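**Student:** Build me a model:
(3 chains)
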Amino acid sequence: MLKKSPEKGIISFVTDTIRWNLSGGIGYQIYLCCLAAMVMLGVYAYVVQTHLGLSATNMSDIVSWGFYIGNFTFLVGVAAAAVMLILPAYMFRDKDLHKVVIIGEGVACGALVMCLLFITADMGGPLKLWHLIPGIGIFNWPSSLLTWDIIVLNGYLALNLLVPVYILYCQYNNREPDEKKYRPFVFLSIFWAFSIHLVTAFLYQGLPARPFWNNPLMGPRFLASAFAAGPALITVVLVIVHTATTFKIEKETFNKLRLIIVVSAIINLIMLFSEIFKEFYLPTHHSLPAIYLYFGLKGHFALVPWIWTAISLNFLGTLTLIWNPGRNNPKVLLPACVLLFIGIWIEKGMGLIVPGLVPSPLGEVVDYAPSWVEVCVAIGILAVGMLVVTLLIKPALIIEQRFKAQ
Amino acid sequence: MIFHKKTPVFKTCFWGTLAVLLVIFAGWTAYSDDGGVVQIYKKATVPFDDEKKVDPVLSLPGKTILVQTPYQGGLFWTETRKDKMERYRCNDCHNNTYVAVSQAAEITHGDIVLDHGGQEKPLSCFTCHKEDERDFLTTEKGVQIDMDHSYQMCGQCHFRQKKDWVGGAHGKRISYWAGKRVVKNCVSCHDPHSPLFKKRWPKIYSTPFIN
Amino acid sequence: MPPRNNKDRRRQRENSRLQVKSNGRREFLKGAAKTAAMGSAALLSGCGTGMFGSKEELSLRWQEYFKKNYRLMTQEEKEETIQRLERLAKMKQGVDIQMSSKAPIDGVLFGYAFSLTRCEGYLECVAACVKENNLDRKSNTQYIRIFEMEHGQMSPEVGDGKYFHEVPVEDHFYMGVQCFHCERAPCVKACPTKATWKEPDGIVVVDYDWCIGCRYCMAACPYYGRRFNWNEPYVPAAEMTKKQHYLGNRMRAKGQMEKCTFCVQRSREGRLPACVEACPTGARVFGNLLDPKSEIRFVLKHKKVFRFKEDLGTDPKYWYFID
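**Tutor:** Have a look, this model is predicted:
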């Protein structure tokens, strides 16, 4: 009979987690230092932005949302995509995906932290965020969609943090987590995942002032591209985990992820075709943003090479994943997923925000490219995201491995 | 048949009805049709006593004269003209005595360019000024019009603009939106002898996108 | 018992590894603490209290930071914040300003009409607005845009908003655009903190200090009516308009939204907005929509009027008419 070891407390859980996070081989330490350096760069650029105001970016009264909000929009999708692992793992009790679901949740947490940081970096008065707290400030719910977004993003972060932490804590103490306790929250997080991305889509969809955004397909298209890009990122993370650590992942898991990505990517392409048809069959003044995006307008062509690159990468990635030449060989899946991820990042980040705002409501066209401040702050936030993902996944995998070994 | 609370049919009906009611309520609250601002102002028929309701609205200095045509809100005033004319009291010169002056060419209205009416119906001096009564304007029908009320002269041909001017759609208000209504005279803006505006440069450069 | 021995052995190994690691960790933490202490000392010494302002200024700004949304303030609180703002303006820029918190007048709903026949593109309104509303001279913010349009088209989108030549040009007309103060303003609906709202007299205003700078209202406005302070605005003290209103032309800070307010500092005292007063041709008509004898009501009754982008259902209170 195994003698039960006494319950290790929360403090021990936290200190052990920190210890595992800081320990590792030389490669890992260098990786952490690089991330820290990127964070420092981001902080410096943000200090410049605080000093000069948002004029340090290249945003203007016409392109009032740019690189930051583009990245935020894309990353909400990536965060929502964790549901594509949670749904089969917890609902359909798929064993393969159950093994890696914790990685999906970690990626979702990292993406959500990045989203919140991007919003804060984009704001003109971040010190006044307390104006949003109901009671001491004013929270314009349900009228303003930004308030809905705040609720759903923070709620999803809480769900994706607390449920895995509970499971890991139980496993850390060598006992099975109680399904009855966390299952309702998992249910909730499945519906919540759809809602975070729909709400973010509605932010844009609900503005009749911007005809490029004001179409009913924004929400579903966001979901489709999210469920293609998110699992693609998760596949990349899994490949890294598979090659860099002792946590091994079966090819069957990669195959399942690949199928999810393929179906979502195909739906995304069908929706893209639907949008293109609507814009270009009988173009009106409302199609001018799409014309600016795909072909350029009044001498401004900045976004044209980007969008065509994005669409090509999208197609290339999708076709490679459909054809599957390596028979789920991670070495083939990795570049295909990376290409697909980058394509969707371009298309849903800058390729969605900037055309929505250009031409202006009065018909004026300007070009926009992020300034060095925006790029550096984005690099810093990316590093924070990667740190969060690493610092969540590393101890999680260690705990899981130990628990399985029991 | 008693609906036990746990049956699936009951549950579906309950939640389904609740969802439908919620959607209807949301739609009802979101869409409220009070006709918009057009209905709001059309229903507002009670005159607004701006003298009483707006804190002391200062009256403008400067000479004004009561316009002989009231507008929809009652009486209104316009700028005087006689005090702005250089050589008013035309009869000071135009009488039976000889006047010896230097710069005679200028003083004999040589500086006036008459370009009113274009090619089709060009006006002459005598269309508005009669030789025997130079202190007043005279209409086609022989009615004398005081120089301060020259709008009545313009209104003969430009009756549409005059109607708009009386109402407020033409011309410029120089008092406040509340209180005594004072507007510019026709001749305050339009030179009666050559009324066409000259071209000019804008006051400021429109620079919306410099960051 | 074998498992326990293994566990013990593993624990022993871990402990020894821990010791080595903990030494390294301890060194790291020591070094980090030292750097942090040095860094903060440098920051403080380099700045001194002078950098952030005098004690009085700091105390005023501290109080200003915690104030409520203007709509929720009592009359006393409004007066307090106005006193603080007047004092701060005196300290920072050396100007004596008179700020007002005048409430909307009962029975007034402001309306505006623009005559497309009369506007000759002089841009006098733009210059007057810049001066009256203390708009930032560094970024050349302008609330009003005038478009030079060719005959045959009616949408500013196909006009030229950046002309600078002798006006008026043959076969062209001029159309002015600014915030239209919609009755169903999309910006009011979009604001997450209710920093912008429609006052009872119809003017859509912004409580600048309450605005968090998210710029959602700017995305929601279909008329390019709103402006954002991307940098700290600057107005030379000599050119500043001293009579200000809390919701109107007081000096804004960077990161805040601003917009045309129908010159709330003027219109609530019965005066015409600066653009209406400045227009030499009288192309702009302003008045009380609820007063059946006002000029604006005459225009709406007797002229064929239209509003910009009426199909969006925003119900603006700014009409265009043609003689």
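
**Student:** Can you mark which positions in stretch B:149-161 are buried?
**Tutor:** Neighbour-count burial for stretch B:149-161 flags B:His149, B:Ser150, B:Tyr151, B:Gln152, B:Met153, B:Cys154, B:Gly155, B:His158, B:Gln161 (criterion: 16 or more other Cβ atoms under 10 Å in any protein chain shown). Just so you know, the C-beta spots here come from the backbone N, C-alpha and C atoms, and that holds for glycine as well.

**Student:** can you list the domains in chain B?
**Tutor:** According to automatic domain parsing, chain B comprises the domains B:8-41, B:48-189.

**Student:** Next, format these as CSV and append mean pLDDT and distance to chain A.
**Tutor:** Shown next, in CSV, are the domains of chain B (pLDDT from 0 to 100; distance: least, Cβ to the nearest Cβ, whole Å):
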stretch, mean pLDDT, distance to chain A
domain B:8-41, 80, 9
domain B:48-189, 84, 26
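
**Student:** So which of these is the most surrounded?
**Tutor:** domain B:48-189 (a mean of 15; mean count of other Cβ atoms under 10 Å in any protein chain shown).

**Student:** first vs last residue of it, how far apart are they?
**Tutor:** End-to-end distance for domain B:48-189, by Cα to Cα, to the nearest Å: 30 Å.

**Student:** can you check stretch C:262-282 too?
**Tutor:** Termini of stretch C:262-282 sit 16 Å apart (Cα to Cα).

**Student:** and if you look at stretch C:271-280?
**Tutor:** Using Cα to Cα, the two ends of stretch C:271-280 sit 17 Å apart.

**Student:** is that stretch anywhere near chain B?
**Tutor:** Yes - legend: contact between stretch C:271-280 and chain B by Cβ under 8 Å from any Cβ of the partner chain is shown at C:Arg271, C:Leu272, C:Val276, C:Cys279, C:Pro280.

**Student:** Most neighbours among those residues, please name it.
**Tutor:** Using other Cβ atoms under 10 Å in any protein chain shown as the neighbour test, the residues of stretch C:271-280 next to chain B are led by C:Val276, with 26 neighbours.

**Student:** Relative to chain A, how far out is it?
**Tutor:** According to Cβ to the nearest Cβ, to the nearest Å, C:Val276 and chain A sit 21 Å apart.

**Student:** For the host helix or strand of that residue, which helices and strands make contact with it?
**Tutor:** In this assignment (DSSP states H and E), C:Val276 forms part of helix C:274-278. Applying 3 or more Cβ pairs under 8 Å, 6 or more residues apart in numbering or on different chains; DSSP states H and E, one finds that helix C:274-278 contacts helix C:124-132, strand C:284-288.

**Student:** do that again at 10 Å, thanks
**Tutor:** Helix C:274-278 is packed against strand C:110-115, helix C:124-132, helix C:264-267, strand C:284-288, with contacts defined by 3 or more Cβ pairs under 10 Å, 6 or more residues apart in numbering or on different chains; DSSP states H and E.

**Student:** can I get those in TSV with mean pLDDT and mean neighbour count?
**Tutor:** TSV is the format used below for the helices and strands packed on helix C:274-278 (pLDDT from 0 to 100; neighbours: other Cβ atoms under 10 Å in any protein chain shown):
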stretch	mean pLDDT	mean neighbour count
strand C:110-115	96	25
helix C:124-132	95	22
helix C:264-267	94	26
strand C:284-288	95	28
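
**Student:** closest to C:Glu170 out of those?
**Tutor:** strand C:110-115 (19.1 Å; Cβ to Cβ).

**Student:** quick one: the closest one near chain A?
**Tutor:** No - contact of strand C:110-115 with chain A (Cβ under 10 Å from any Cβ of the partner chain) is absent, the minimum separation being 14.8 Å.

**Student:** tell me the angle that strand makes with strand C:284-288.
**Tutor:** 160 degrees (axes from the mean of the first three to the mean of the last three Cα atoms, to 10 degrees).

**Student:** Partner strands of strand C:110-115, with direction?
**Tutor:** Strand C:110-115 pairs in its sheet with strand C:284-288 (antiparallel), strand C:318-321 (parallel), by DSSP bridges.

**Student:** And the strands in chain C?
**Tutor:** Taking DSSP state E, the strands of chain C run over residues C:98-100, C:110-115, C:145-150, C:172-177, C:196-198, C:204-206, C:226-228, C:243-245, C:257-259, C:284-288, C:305-306, C:318-321.

**Student:** which ones are touching C:Arg226?
**Tutor:** A:61, A:64, C:143, C:179, C:187, C:196, C:204, C:206, C:215, C:217-220, C:257-260 (Cβ atoms under 10 Å, 6 or more residues apart in numbering or on different chains).

**Student:** Who does it form a beta bridge with?
**Tutor:** Here C:Arg226, judged by DSSP bridges, has bridge partners C:Lys259.

**Student:** since we're on the nearest residue to C:Pro233 once chain neighbours are set aside, how many residues are nearby?
**Tutor:** With sequence-adjacent residues excluded and distances taken as Cβ to Cβ, 6 or more residues apart in numbering or on different chains, C:Pro233 is closest to C:Asp136, at 3.4 Å. A count of neighbours around C:Asp136, defined by other Cβ under 10 Å, yields 21.

**Student:** before we move on, what about A:Ile270?
**Tutor:** The burial count for A:Ile270: 11, using other Cβ under 10 Å.

**Student:** what about it, which helix or strand?
**Tutor:** Counting by DSSP H and E, A:Ile270 is part of helix A:251-281.

**Student:** ok so, going back, list just the one of the domains of chain B that sits closest to chain C.
**Tutor:** domain B:48-189 (2.6 Å; Cβ to the nearest Cβ).
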